[in-house]
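Enquirer: Need a 3D model of the following:
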Amino acid sequence: MPIKPLVILPDPILREVSKPVERVDPDIGRLAADMLETMYDAPGIGLAAIQVGVPLRMLVIDLSKEDEERAPHVFINPQILSVSDARNVHEEGCLSIPEYYAEVERPAAIRLSYLDGEGTKREMDADGLMATCLQHEIDHLNGVLFIDHISRLKRDMVVRKFKKLAKDNPPGKLLG
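Expert: Numbers count the residues shown, from 1 in each chain. I've put the predicted structure just below:
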């Protein structure tokens, strides 16, 4: 299971709307396994397929702590069915926007439908960190980044910083 390179801001693919997975097959299973390995290696707690350059509506999450047994979840074609009126604020970060964190307010609880890694249709109620993480990753599937939920001034500063980093370190350029 190879670790895939992460797509980093300002890559325009991060703004694409991902397409539904048509069929859960062994290729999708391999992609899920690769995404999990990539997420664990980063390290992170969630990863959308678009973040490894694959514009499919698929994401993986594992909220287990370092000293706990891994508890990976695969969500294919996730769809939020309802959200709570109550709101939570969590400090969010993103593997595609390394080393930048900001407080984001989102619904505290959600209900969603999805296909699991075997293609079985499921529904789930989520709250707390799981609800935040699911909303963050589903945003990715819609071309939305967590920085779109912060002030325009802060967002513009982050985008400028990453554009400059990309210009100063084009792909293929050796660092160091």
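
Enquirer: I'd assumed D156 was in a strand, is it?
Expert: No: the assignment for D156 by DSSP: H, G, I helix; E, B strand; the rest coil gives helix, which leaves it out of any strand.

Enquirer: Give me the neighbour count for it.
Expert: Counted with other CB atoms under 10 Å, residues neighbouring D156 total 11. In short, each C-beta sits where N, CA and C put it, glycine included.

Enquirer: go on, K163?
Expert: Other residues close to K163 by other CB under 10 Å number 12.

Enquirer: Spatially nearest residue to it (excluding sequence neighbours)?
Expert: Residue nearest to K163 in three dimensions, not counting chain neighbours: P10, with 4.9 Å by CB to CB, 6 or more residues apart in numbering.

Enquirer: show me what contacts R57?
Expert: The contact partners of R57, taken as CB atoms under 8 Å, 6 or more residues apart in numbering, are 18-21, 49, 76-78, 141.

Enquirer: show me where pLDDT drops low in the chain?
Expert: Applying pLDDT under 70 to the chain flags residues 1, 171-176.

Enquirer: In it, what residue spans correspond to strands?
Expert: Taking DSSP state E, the strands of the chain run over residues 46-48, 58-61, 73-83, 87-94, 97-107, 109-115, 121-127.

Enquirer: got the ones you listed as a markdown table, with mean neighbour count and distance to I3 columns?
Expert: As requested, these are arranged in a markdown table below (neighbours: other CB atoms under 10 Å; distance: least, CB to CB, whole Å):
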| stretch | mean neighbour count | distance to I3 |
| --- | --- | --- |
| strand 46-48 | 28 | 11 |
| strand 58-61 | 26 | 13 |
| strand 73-83 | 18 | 17 |
| strand 87-94 | 16 | 18 |
| strand 97-107 | 15 | 15 |
| strand 109-115 | 19 | 24 |
| strand 121-127 | 14 | 27 |
